[in-house]
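Trainee: Here's a sequence, model it:
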Amino acid sequence: MVRVLTGLERLIEDPPAWLDGRRLGLLCNPASVDRCFRHARHRLRERFPGALRALFSPQHGFFAEKQDNMIESDDMVDPILGIPVFSLYGRTRIPAAGMLADIDVLVVDLQDAGTRVYTFAYTLSYCLETAAACGKTVLVLDRPNPTGGVAVEGNLLRPEWASFVGRYPIPMRHGLTLAELARLFNARFGIGCDLRVMPMSGWKREMTFADTGIPWVAPSPNLPTPAAAMVYPGQVLWEGTNVSEGRGTTQPFELFGAPYLHVPKLEAEFGQTSIAGAVLRPVVFEPTSGKWQGQCCRGFQIHVTEPQRYAPYRTTLRLLQATIRHHSTEFDWRPPPYEYEHEKMPIDLLIGDAAVRRRIEAMEPVESIEASWQHELEEFREMRREFFLYT
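Mentor: Numbering: from 1, shown residues only. All right, here's what the predicted structure looks like:
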């Protein structure tokens, strides 16, 4: 197996000279560890004595303890280091200038999910904007994209559907690492921050997460495994419906279902070979929290058998459309609010284009819907190459 070193490990091994004497902040969470599970804040404190002045946390909290959307975290003091921890998913999602006053460089070490709606990338984008306004530097320590760096999938977000689950016109599965996304955001959307990156070594775009040899620590409570992250670019759409996406179970996003779901009808439509790279296994589960709490849900677990062939967004669009077709009286869209949007439908924010939702409802074949965005998706494929750190 090729040894992959994360940006954190490379920074500790061979820090750039320009960091000497700089005061540091760190945006992190529990997944910010090296391969020996030592946390980034401890590694930075050891490598740069006296330099680490402040910590910052994204959605789900500094300890990744908050389960769901719109559950906020407070500022705190790190119980071990005794330095402030500023929540960027609490009273604000945009860092204030005062939060950066005591640092020169904001170091970012977050495990992204490779999916447009995962909010860590937008927390980073707001950090880039504030840093640019304050004359600070941002250093992104890169980590693998758990869905890989080759496949790109889905429609591009329309500007009128921008939210904290999608600020920029990128597809649902973008195929970029967090450092590559930061480079794209900074250059393409006029942020103009003094952005530096510490790439990984040994990572190849076609790698699965298992190929990297890097330990998986859940970046948020409902992405407990790389398998959950692999299906997430599609299965996250169930959040905009009254179908359980598996929250409140031990296998969120891998499981989906509802008390009303007619498994035999969907089985007849999605046999063992109809989903490329995956198998649907019928299950019954009972969520302990969230939708259908305490009720038996009938549905499926998605088992990804061939990651290189599996298309998560296409798969869930097909499953979503079939569920609507077979359960027209029981199925419903989730009402607002969702991620601080109180009027727009959550499914439209997730898909990033209300027209796609209407076409799904109208039973237009998913293949036809997908064909309509291939031109802009191809343009994105070509554009993103400008920001590649890995070939």
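
Trainee: isn't there a helix covering Val284?
Mentor: No: the assignment for Val284 (DSSP: H, G, I helix; E, B strand; the rest coil) gives strand, which keeps it out of a helix.

Trainee: Could you check the lowest-mean-pLDDT helix or strand in the chain and say which residues are buried?
Mentor: Taking mean pLDDT, DSSP states H and E as the measure, the helix or strand of the chain with the lowest value is helix 263-269, at a mean of 93. Applying a neighbour-count criterion of 16 or more other CB atoms under 10 Å, the buried positions in helix 263-269 are Leu266. Just so you know, the C-beta spots here come from the backbone N, C-alpha and C atoms, and that holds for glycine as well.

Trainee: Can you name every helix or strand that it contacts?
Mentor: The criterion is 3 or more CB pairs under 8 Å, 6 or more residues apart in numbering; DSSP states H and E, and the helices and strands that helix 263-269 contacts are strand 278-285, strand 297-304, helix 312-326.

Trainee: Could you dump those into CSV and include mean pLDDT?
Mentor: Shown next, in CSV, are the helices and strands packed on helix 263-269 (pLDDT from 0 to 100):
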stretch, mean pLDDT
strand 278-285, 96
strand 297-304, 97
helix 312-326, 98
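
Trainee: and the ones you listed as a markdown table, adding distance to Lys344 and mean neighbour count?
Mentor: Shown next, in a markdown table, are these (distance: least, CB to CB, whole Å; neighbours: other CB atoms under 10 Å):
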| stretch | distance to Lys344 | mean neighbour count |
| --- | --- | --- |
| strand 278-285 | 30 | 18 |
| strand 297-304 | 27 | 21 |
| helix 312-326 | 18 | 22 |
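
Trainee: And the contacts of stretch 315-322?
Mentor: Residues outside stretch 315-322 that contact it (CB atoms under 8 Å, 6 or more residues apart in numbering): 231, 234-235, 237-238, 241, 256, 266, 269-270, 275, 278, 302, 360, 363, 366, 369-370.

Trainee: ditto for stretch 181-198
Mentor: So stretch 181-198 is contacted by 7-8, 10-11, 16, 18, 108, 112, 121, 124-125, 128-129, 131-132, 135-142, 168, 170, 174, 176, 179, 383-384, 386-387, 389 (CB under 8 Å, 6+ apart).

Trainee: In it, which of the residues would be classed as buried?
Mentor: Using 16+ other CB under 10 Å as the test for burial, stretch 181-198 gives Leu181, Ala182, Arg183, Leu184, Phe185, Asn186, Ile191, Cys193, Leu195, Arg196, Val197, Met198.

Trainee: for stretch 50-64, same thing?
Mentor: Neighbour counts using 16+ other CB under 10 Å place 51-62, 64 of stretch 50-64 among the buried residues.

Trainee: Looking at the contacts of stretch 181-198, which are in strands?
Mentor: When strands are assigned by DSSP state E, the members of the contacts of stretch 181-198 inside them are Val108, Thr137, Val138, Leu139, Val140, Leu141.

Trainee: any idea how far the fourth one is from Leu320?
Mentor: Separation of Leu139 from Leu320 (CB to CB, to the nearest Å): 40 Å.

Trainee: The second one now?
Mentor: According to CB to CB, Thr137 and Leu320 sit 43 Å apart.

Trainee: Then the first one?
Mentor: In this structure, Val108 lies at 33 Å from Leu320, with CB to CB as the measure.

Trainee: re earlier: so which of the helices and strands packed on helix 263-269 is nearest Pro84?
Mentor: Distances from Pro84 to each of those were compared using CB to CB; the shortest belongs to helix 312-326, at 38.1 Å.

Trainee: per-residue pLDDT, Gln272?
Mentor: We note a pLDDT of 67 for Gln272 in this prediction.

Trainee: Would you map out the domains in the protein?
Mentor: Each structural domain of the chain that the record assigns through automatic domain parsing is listed here as a residue range: 7-221+383-387, 226-352.

Trainee: Show me the helices in the protein, by range?
Mentor: Per DSSP state H, the chain carries helices over the ranges 7-13, 40-47, 120-134, 178-188, 209-212, 226-235, 263-269, 312-326, 346-351, 354-361, 366-372, 374-384.

Trainee: For Thr288, find the nearest of those.
Mentor: Among the helices of the chain, helix 226-235 comes nearest to Thr288, with 16.8 Å by CB to CB.

Trainee: Hey, what's the angle from the closest one to strand 297-304? Just curious.
Mentor: For helix 226-235 and strand 297-304, the angle between their directions (axes from the mean of the first three to the mean of the last three CA atoms, to 10 degrees) works out to 110 degrees.

Trainee: And helix 226-235, what does it pack against?
Mentor: On a contact count with 3+ CB pairs under 8 Å, 6+ apart, helix 226-235 meets strand 171-173, helix 209-212, strand 297-304, helix 312-326.

Trainee: Using CSV, list the CA coordinates for that helix.
Mentor: Provided in CSV are the C-alpha atoms of helix 226-235 (Å, rounded to 0.1, in the frame of the first residue of the first chain):
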residue,chain,number,x,y,z
PRO,A,226,-16.0,5.8,4.9
ALA,A,227,-19.0,3.7,3.7
ALA,A,228,-21.4,6.4,4.9
ALA,A,229,-19.3,9.1,3.3
MET,A,230,-19.4,7.2,0.0
VAL,A,231,-23.2,7.1,-0.3
TYR,A,232,-23.7,10.6,1.3
PRO,A,233,-23.6,12.6,-2.0
GLY,A,234,-26.9,11.0,-2.9
GLN,A,235,-28.4,9.8,0.4
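
Trainee: How far off centre is it?
Mentor: Relative to its chain's centre, helix 226-235 lies at 10 Å (CA atoms, centre = their mean, to the nearest Å).

Trainee: Report the inter-axis angle for it versus helix 312-326.
Mentor: For helix 226-235 against helix 312-326, the angle by the same axes, to 10 degrees is 60 degrees.

Trainee: now the angle from helix 226-235 to strand 278-285?
Mentor: In this structure, helix 226-235 runs at an angle of 90 degrees to strand 278-285, with the same axes, to 10 degrees as the basis.

Trainee: List the buried residues for helix 226-235?
Mentor: Pro226, Ala227, Ala228, Ala229, Met230, Val231, Tyr232, Pro233, Gly234, Gln235.
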